[in-house]
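Q: give me the fold of what follows.
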Amino acid sequence: MTQEIAIGNVVLGGNRPLALIAGPCAIEDEGLTLRIAEYLQKLCAELGIGLIFKASYDKANRTSVDSYRGPGIEKGLEIINKVK
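A: Alright, predicted model coming up:
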């Protein structure tokens, strides 16, 4: 027996169709993040599968300490909230 798990309005497991978990590795800016989310949403609608959008607002696991990490928690969550 397979357990079903709900993430937002997407239900995984059981006899449910596959879902896509995707998004940019790190949020770079609001416009790009919203365009990516819109594209993924349209793609998943065409395929008849659910979408779980993921994007990091602070990527701490960078090779270089000088690498871009993201916009930070406040701005990052503000952008993610607009994706919903």
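
Q: buried sites along the longest helix seen in the chain?
A: In the chain, taking DSSP state H as the definition, the longest helix is helix 30-47. With burial defined by 16 or more other Cβ atoms under 10 Å, the residues of helix 30-47 counted as buried are 30, 33, 36-37, 40, 44. Placement of C-beta: from N, CA and C, glycine included.

Q: name the residues that touch stretch 8-21?
A: Stretch 8-21 has contacts (Cβ atoms under 8 Å, 6 or more residues apart in numbering) with 2-6, 40, 43-44, 47-52, 54.

Q: out of those residues, who's the most crowded?
A: Among the contacts of stretch 8-21, residue 51 has the most neighbours (other Cβ atoms under 10 Å), with 21 neighbours.

Q: now do the closest residue in space to it that isn't next to it in sequence, the pLDDT please.
A: Among residues not flanking residue 51 along the chain, residue 44 sits closest, at 4.1 Å (Cβ to Cβ, 6 or more residues apart in numbering). Listed pLDDT for residue 44 reads 96.

Q: so residue 44 sits right up against residue 50, yeah?
A: Yes. Using Cβ atoms under 8 Å, residue 44 makes contact with residue 50 at a distance of 6.5 Å.
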